[in-house]
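>>> predicted model follows, preceded by the sequence.
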Amino acid sequence: MTVHLFGGGSSPGCSNFSLTCTAEDDENEFGVKAAEMVKKNFYVDDLLKSLPTEEHAIQVIHDVKNMCAKGGFKLTKFVSNSRRVIMSVLPEDRAKEIKGLDLGQGKLPIERTLGVHWCVESDTFKFWIEMRDQPCTRGGMLSTISSVYDPLGFIAPVILVGKQILQEICHGRSWDEPVEGDILY
Amino acid sequence: MPLLFKEQDVQLPNNRHQTAQRLIGLKKKLESKDKYRADYVDFMTGIMDKGYARKIDSENLVMQQGKVWYLPHHGIYHPKKPSSIRVVFNCSARYHGESLNDHLLQGPDLTGRLTGVLTRFRGERVAFMADIEKMFYQVKVKKADQDFLRFLWWPNGNLTKEPEE
C-alpha cells in the first residue's frame, strides 16, 4: 500500500496532521475563516459547522471546499438545514439522501452527525432508545442504558432514572441475578 | 507522511509465510462465493487503479531484514450497505507476538474534540455538515515505509496464478 490504512494505529493522527497543514499552508489563498474552520470544526473526516447567515455559509463552504481540494481532500456529502445552502452545492457533492430530493417540496432527511441523529427538516436532535430483548438483570440494564449514545447529555434527565435504578441494584447482586420487586416501579 | 514508529530503527520479523498461509483460506472463500469474489476483485482493482496500492517491481522485492511487513486482508460488508465491500488490511494481525500496530504511535487523542465540534455545530442558525471522501487514503505514506504495508494478491484477481506482492 502507498497510503494510510483504516485500522492503522497512526492513520487518524497522520491524516489529521495533514489536514491541519493544508489549513496553515493555504490560509492566505482561501482566507482565515476557511482555515479556522478546518482546524476547529473537523472531527477526523467529518465537518460540522454553523454560521449566522446563509450568505456566510455559502461563501465559506466554497472556500473550504477549494482549500481541501488543494490539499488533496475531497469534501462531499453536504447537508444543511438551509435549502439555499444545499442548492449552492453541486448535486454530486450533496448527501446521498438529498440528491434526488425536490428541494422545494420534499422533506429533508435524518442524518447522523457524529453518532447523534440530526433531523434536518425540523432541525432537532433525535434519540431512539431501543428496548432490546434484555433480561431484567444488572447486566441487562447496564447494556440497555449504555446503548444510548448522547455525548452532549441532552437526555441525561431521562437516562438518569435508569442509572439510579442500576445504582441501587448494584449492591449485593451478581451480574446475572434476576431483579424483582418494588425497585422496578 | 511517515508511519509513526515508536522506535527509530524498527525491526519486524518476516511474516510473509504466515500471510501466504492465510491467503489460502481467503482463496477458498473467494472460489466458493461468486459475488464476494467479484466485489473483492473490483475493490482491489480499484485501489490499484487509483494508485493507493501498486505491484512491487521485481528488483525491489527483496528488502533489508526487518524492514518489511505483510498485511493479511479480508473483505467485509457494511450491514447497511450490502452492495459495497470494504477490504480490510489487518494492521493488528500478530506474528511471533508482534503486530504492526504494536510498533506504531497513535498520535494525539482526538476524541476529546467530539463534544466541542458538536457544540459549535449548533451555535448559530445555519448549520451544515460534510465529510472528506476516503480521508486516510488521501494521505501518502513515505516510500521507505510503504514496505511495511505490503500485501499479497493475485495478478488481475486471477486466482489460478501465483499471488504477488
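Cool, got the structure. Residues are numbered from 1 along each chain as shown, chains lettered A, B, ... in the order given.
>>> phi, psi for A:Cys170 please.
Main-chain torsions, A:Cys170, degrees, to the nearest 10: phi -70, psi -30.
>>> please report how far the spatially closest residue to it that is not a sequence neighbour lies from chain B.
Using CB to CB, 6 or more residues apart in numbering or on different chains and skipping residues adjacent in sequence, the residue nearest A:Cys170 is A:Arg138, 6.6 Å away. C-beta coordinates here come from the backbone N, C-alpha and C atoms, glycine included. Going from A:Arg138 to chain B by CB to the nearest CB, to the nearest Å gives 27 Å.
>>> tell me how many other residues crowd A:Arg138.
A:Arg138 has 19 neighbours, counted by other CB atoms under 10 Å in any protein chain shown.
>>> list the contacts of it.
A:Leu166, A:Ile169, A:Cys170, A:Arg173, A:Ser174, A:Trp175, A:Asp176, A:Glu177, A:Val179 (CB atoms under 8 Å, 6 or more residues apart in numbering or on different chains).
>>> again, only using 7 Å
Contact analysis of A:Arg138 by CB atoms under 7 Å, 6 or more residues apart in numbering or on different chains lists A:Ile169, A:Cys170, A:Arg173, A:Trp175, A:Glu177, A:Val179.
>>> what's the pLDDT at A:Met1?
Looking at A:Met1, its pLDDT stands at 71.
>>> the closest residue to A:Gly31 other than its chain neighbours sits in which helix or strand?
The shortest distance from A:Gly31 to any non-neighbouring residue, by CB to CB, 6+ apart, is to A:Asp63 (5.4 Å). Using DSSP states H and E, A:Asp63 falls within helix A:54-70.
>>> which elements pack onto that helix?
Judged by 3 or more CB pairs under 7 Å, 6 or more residues apart in numbering or on different chains; DSSP states H and E, helix A:54-70 is in contact with helix A:11-25, helix A:27-30, helix A:32-40, strand A:75-80, helix A:83-88, strand B:126-132.
>>> buried set for the shortest one?
By neighbour count, and taking 16 or more other CB atoms under 10 Å in any protein chain shown as the criterion, the buried residues in helix A:27-30 are A:Glu27, A:Phe30.
>>> residues in contact with that helix?
A:Ala35, A:Asp63, A:Asn66, A:Met67.
>>> of the residues you listed, buried ones?
A:Ala35, A:Asp63, A:Met67.
>>> and the pLDDT at the second one?
Pointing back at A:Asp63 there. Looking at A:Asp63, its pLDDT is 90.
>>> now do it against chain B, distance only.
A:Asp63 is 13 Å from chain B, where distance means CB to the nearest CB.
>>> that'll do, ta.
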